[in-house]
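K.L.:
sequence? don't have it. structure:
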């Protein structure tokens with residue numbers, strides 16, 4: 001499949017597959033590729049399939065479309081690595097090059113393949129450390145590199161950046177980089193970059209060999225990478241010495257550690273043994289930090305599993321969630337008080353195959369300023385605010401490989417909605433204070449207890465965002481439509497409330513059970529939970545009676561209305 005690689009502009013680092021017969025590029029939300037740029041027309045250009053190739057058409061844009069520096073009109077054939085300029089954006093068609101932003105630092109990583117037949121042969125190669133040698137190698141590296149790694153008090157992103165910086169200093173490297181496997185697609189993604197510049201060029205083939213074959217490699221000589229055509233890319237060093245080591249943890253390869261000095265024969269096989277041990281040390285540290293972060297962020301559900309019910313409404317919902325489990329975005333709808341989060345956790349359980357280490361994070365807009373909320377959601381770059389002294393990951397990055405649950409999608413600020421739409425369209429997002437995009441790998445599970453169509457008409461919900469989400473909608477049924485599930489739900493909330501108040505759980509009397517089944521539950525599961533808490537506090541003899549529920553005088557009881565009074569005859573009235 002042909003692709004477009006963005007190397008300049010707001011989508012920098014994004015590789016967009018050309019799926020289908022035609023894609024459109026422009027400022028409008030209806031376009032396949034949306035460019036938030038005032039110099040770009042609403043529908044600026046299109047790329048369409050033609051026989052075995054692709055053609056570029058300018059759609060009568062105001063400022064023109066340029067192909068390899070020349071203004072293009074209609075039906076211009078495209079070849080590999082052709083440069084397309086639209087406004088402030090430059091796209092490479094079917095590029096053999098890659099551009100990505102380092103997740104924990106400000107650096108940009110460029111990757112390319114060496115010219116055919118000119119692959120550099122390593123001077124020396126070491127296999128990954130066998131299991132029996134793993135701990136010994138880690139101890140040796142720990143003793144030699146004391147203070148290389150930070151403890152849990154330092155956030156993971158900051159700790160990774162500082163670690164790579166220390167490795168660069170230790171090996172006197174011009175460039176040091178940590179690349180980790182992206183769990184979403186298995187590709188290597190730049191995590192941290194350190195050295196004399198904030199950008200670096202890597203041999204993609206060498207990285208792939210170190211990762212997939214789990215080999216530490218030493219290469220030296222004149223670089224065989226050809227000159228990079230991407231604007232702003234670093235120059236190819238005339239000569240270099242390169243150390244590559246797999247980042248290992250528990251027999252698994254998490255990524256690759258790359259260390260480069262721009263001179264010949266700067267490293268020896270002794271350095272190769274050392275960097276292999278460092279790769280193991282960093283791998284064990286990174287794995288333990290990731291697990292600790294996942295446990296810290298994990299929030300056990302306060303609600304019961306929604307899908308333990310056997311009512312027809314729940315069975316239909318279960319089938320629908322199973323259909324949506326493979327999608328990158330899901331919209332959950334329900335009345336106020338319905339347990340939308342339980343449905344979101346069920347989507348996550350299906351998507352993650354029940355793996356507890358896969359993150360599930362929750363966010364809700366609670367009235368903070370729009371920039372603060374965007375910083376929480378998308379992260380912030382150093383200097384984004386006056387008080388910002390360092391870059392920080394947002395929830396979308398922290399949920400990488402898992403799911404981000406947005407509690408009420410209609411409440412989030414318009415700017416955040418626009419960025420979220422762009423993320424769903426292209427898979428990339430920008431931190432606050434940064435124009436470049438980071439690749440995201442978290443699924444979005446959004447929920448609303450309001451009518452999204454009405455919210456869109458009122459201007460509180462982006463219409464394009466709604467159009468993107470509504471194709472993947474599941475409706476959580478109200479409690480009145482699943483009467484069969486009420487006894488089991490009531491028992492659950494009784495036990496939970498009793499445990500919270502350190503009381504023995506009371507029994508649910510027959511009269512109370514009948515009253516629960518007859519009630520309309522306008523507040524749904526939330527009202528049922530509060531009712532059961534009241535019952536626990538009021539039931540003194542170990543059994544919940546109807547009077548403990550507070551439902552006797554409720555106007556929403558599902559019962560037959562009382563019969564009208566009989567009309568009296570005139571004599572009876574007298």
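P.N.:
In hand now; what should we look at? Model, not experiment: these values are computed from the prediction.
K.L.:
List the buried residues in stretch 501-510.
P.N.:
For stretch 501-510, the neighbour count (16 or more other CB atoms under 10 Å) marks 505-506, 508-509 as buried. In this view, the C-beta of every residue, glycine as well, is placed from N, C-alpha and C.
K.L.:
Contacts for it next, please.
P.N.:
By CB atoms under 8 Å, 6 or more residues apart in numbering, the residues outside stretch 501-510 that reach it are 487, 490-491, 494-495, 498-499, 516, 535-537, 539, 542-546.
K.L.:
Show me the two of the buried residues of stretch 501-510 that sit farthest apart.
P.N.:
505 and 509 (13.3 Å; CB to CB).
K.L.:
Just the ones of the contacts of stretch 501-510 in helices?
P.N.:
Here DSSP state H is the test, and the contacts of stretch 501-510 give 487, 490-491, 494-495, 498-499, 516, 535-537 as lying in helices.
K.L.:
Quick one: buried ones out of those residues?
P.N.:
Looks like those have 490-491, 494, 498, 516, 535-536 buried, using 16+ other CB under 10 Å.
K.L.:
For the residue nearest to residue 49 when sequence neighbours are not counted, the count of nearby residues, please.
P.N.:
Distances taken as CB to CB, 6 or more residues apart in numbering put residue 21 closest to residue 49, at 4.9 Å, once the chain neighbours are dropped. When counting by other CB atoms under 10 Å, one arrives at 8 neighbours for residue 21.
K.L.:
And for the one 4 residues further on?
P.N.:
When neighbours are defined as other CB under 10 Å, residue 25 has 28 of them.
K.L.:
ok so it is a strand residue?
P.N.:
Yes - counting by DSSP: H, G, I helix; E, B strand; the rest coil, residue 25 is found in a strand.
K.L.:
who touches it in this structure?
P.N.:
Applying CB under 8 Å, 6+ apart, the residues near residue 25 are 31-33, 35, 40, 44-47, 86.
K.L.:
do the same with residue 179
P.N.:
Going by CB under 8 Å, 6+ apart, residue 179 touches 109, 188-191, 207, 211, 255-258.
K.L.:
ok, now with 7 Å
P.N.:
188-191, 207, 255-256, 258 (CB atoms under 7 Å, 6 or more residues apart in numbering).
K.L.:
Okay, and which of those map to strands?
P.N.:
Judged by DSSP state E, the subset of the contacts of residue 179 located in strands is 188-191, 255-256, 258.
K.L.:
just those residues now: which is nearest residue 410?
P.N.:
residue 189 (32.5 Å).
K.L.:
wait, the closest one sits on residue 178?
P.N.:
No - counting by CB atoms under 7 Å, residue 189 stays clear of residue 178, with 10.0 Å between them.
K.L.:
what's around residue 166, how many residues?
P.N.:
17.
K.L.:
does residue 103 sit in a helix, a strand or a coil?
P.N.:
Residue 103, by the three-state scheme (three-state DSSP), is coil.
K.L.:
residues contacting the nearest residue to it once chain neighbours are set aside?
P.N.:
Excluding its sequence neighbours, the residue lying closest to residue 103 (CB to CB, 6+ apart) is residue 191, at 5.0 Å. By CB under 7 Å, 6+ apart, the contact list for residue 191 reads 102-104, 160, 178-180.
K.L.:
Which residue in those has the weakest pLDDT?
P.N.:
Lowest pLDDT among the contacts of residue 191: residue 103, with 78.
K.L.:
what's around that one, how many residues?
P.N.:
Number of residues near residue 103 (other CB under 10 Å) recorded here: 25.
K.L.:
who does residue 100 bridge with?
P.N.:
residue 109 (DSSP bridges).
K.L.:
How many neighbouring residues does it have?
P.N.:
For residue 100, using other CB under 10 Å, the count is 24.
K.L.:
what's the neighbour count on residue 231?
P.N.:
Residue 231 has 10 nearby residues by other CB under 10 Å.
K.L.:
For it, give its distance to residue 430.
P.N.:
19 Å (CB to CB, to the nearest Å).
K.L.:
And for residue 512?
P.N.:
Taken as CB to CB, the span from residue 512 to residue 430 is 55 Å.
K.L.:
do the same with residue 530
P.N.:
From residue 530 to residue 430 the distance is 42 Å (CB to CB).
K.L.:
ok, these two, which is more surrounded?
P.N.:
residue 430 (22 against 15).
K.L.:
Spatially nearest residue to the more buried one (excluding sequence neighbours)?
P.N.:
residue 437 (5.2 Å).
K.L.:
again with residue 33
P.N.:
residue 25 (4.5 Å).
K.L.:
The one you found and residue 318, how far apart?
P.N.:
40 Å.
K.L.:
Equivalent analysis for residue 465, please.
P.N.:
Residue 465 is 27 Å from residue 318, by CB to CB.
K.L.:
was I right about residue 426 contacting residue 11?
P.N.:
Yes - at 6.3 Å, residue 426 counts as touching residue 11 under the criterion of CB under 7 Å.
K.L.:
between those two, who's got more neighbours?
P.N.:
Per other CB under 10 Å, whichever of residue 426 and residue 11 has more neighbours is residue 11, with 26 against 19.
K.L.:
Show me the beta-bridge partners of residue 71.
P.N.:
Beta-bridge partners of residue 71, as defined by DSSP bridges: residue 66.
K.L.:
and the gap between it and residue 4?
P.N.:
19 Å.
K.L.:
Compare neighbour counts for the two and give me the winner.
P.N.:
Neighbours per residue (other CB under 10 Å) separate residue 71 from residue 4, with residue 4 holding more: 23 against 12.
K.L.:
how distant is the strand or helix carrying residue 282 from the center of its chain?
P.N.:
Residue 282 belongs to helix 269-297 when elements are defined using DSSP states H and E. Its chain's average C-alpha position is 23 Å from that of helix 269-297, according to CA atoms, centre = their mean, to the nearest Å.
K.L.:
Low-confidence stretches in the stretch 51-200 of the chain?
P.N.:
For the stretch 51-200 of the chain, the stretches with pLDDT under 70 are 114-120, 129-148, 184-185.
K.L.:
As a check, name the ranges of all helices in the stretch 351-500 of the chain.
P.N.:
370-378, 395-398, 414-426, 452-457, 463-469, 486-500 (DSSP state H, counting those that start in this stretch).
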